[in-house]
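give me coordinates for this.
(2 chains)
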Amino acid sequence: MREDTVILIAEDDAGHFALVKKNLWRTCVTSSFMHFRNGQEVLDFLLGKGDGPKITPNTPYVLLLDIRMPKVDGIEVLHQIKADPELRRIPVIMLTTTTEPTEVQRAYDAGCSFYIVKPSDYSEFMACVEHIGALLSLEGVKVPLVYPSGRTGAEQAE
Amino acid sequence: MNQDVVILIAEDDEGHFSLIRKNLVRSGIFNEVIRFTDGQEVLDFLFDKARAAEPQAYILILDTQMPKVDGVTVLERIKAHEALKRIPVVMLAADDDPHEVEHCHELGCSIYIVKPAEHDDFVDAIRKVGQFFSVVSVPRIGE
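As a prediction, this is how the structure comes out:
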């Protein structure tokens, strides 16, 4: 993964976010992280809406996406990302407490890259996040750029 | 990853295949492995399984360059299929082609990895893939 890859973390639980960030940072030190507290925040960022930060063209992004979140849930966020011709190339890893097989199927059918259940045991959760980070930080892992032409969704819509 | 997930490896290079298989085992992945040596074989297998009565979970490791049908075309056919599209597909490529990375992610690959040229780096990459697999939930097809 390139050093300028930005890891987006959509997670409403502050404790889980801190754990994910800390343990990803152990393996993906060079990447930067952005935190979103609900599904609407991450959609606003990606679609260039609202007053918050906006997506940067020509940048590789990876999204770690919780399912149970306020406002817009993770499955709906995933659907909107994968329905967008530019955003759909962003790899989305679901990181959630939901274990139901139907939810796993729904997420893969909607186009997630991987579905990972957060272990309830604290040290297993840490190890799990380290495995995610260890894979992503491999030099051979290639993440596509969004908007390689430099235009963002909001600009294209104008 | 549950023990009942079958790992499909489509890789025509014998040396690369044995390196992948051996190092998945060394990372603690003891799942059944089925090997395919060209793209047509893996398509025939999966299109047959799509009609099977028994639900089954698969994860596919797919070399991009193979005889008969190349890996990118295999990916395209799988992701266009209503039942097969949920199978996670790990692309393994010989070289770094940004257009192919983009294209494969548009088609719906899960991750795109360029095979490291150095043997030790290749071993390290596959072990990390294996450890990552151990925490991934894989859906069944046919449910």
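
use CA for all of it now, contacts and neighbours both
Noted.

for chain A, what lies in contact range of chain B?
Taking Cα under 8 Å from any Cα of the partner chain as the test, the list of chain A residues beside chain B reads A:85, A:88-91, A:101, A:104-105, A:108-109, A:111-117, A:128, A:131-132, A:134-135, A:138, A:140-145.

the same query, at a cut-off of 6 Å, please.
Counting by Cα under 6 Å from any Cα of the partner chain, the residues of chain A lying close to chain B are A:89, A:105, A:108-109, A:113, A:115-116, A:131, A:135, A:140-142, A:144.

burial check on residue A:15, number of neighbours?
When neighbours are defined as other Cα atoms under 10 Å in any protein chain shown, residue A:15 has 9 of them.

and it, that's in a strand?
No - the assignment for residue A:15, made by DSSP: H, G, I helix; E, B strand; the rest coil, is helix rather than a strand.

that one and chain B, how far apart?
Taking Cα to the nearest Cα, to the nearest Å as the criterion, residue A:15 is separated from chain B by 20 Å.

check contacts around that residue.
Residues touching residue A:15, when contacts are defined by Cα atoms under 6 Å, 6 or more residues apart in numbering or on different chains, are absent altogether.

that one and residue A:63: what is the separation?
Distance from residue A:15 to residue A:63, counting by Cα to Cα, to the nearest Å: 18 Å.

beta partners of the most centrally placed residue in chain B?
Nearest residue to the geometric centre of chain B (Cα atoms, centre = their mean): residue B:61, 1.5 Å. Residue B:61 forms beta bridges with residue B:9, residue B:90, as assigned by DSSP bridges.

so what's residue B:90 up against?
The neighbours of residue B:90, taking Cα under 6 Å, 6+ apart as the test, are B:61, B:62, B:110, B:111.

who wins for most neighbours among those residues?
Ranked by neighbour count under the definition other Cα under 10 Å, the contacts of residue B:90 are headed by residue B:62 with 28 neighbours.
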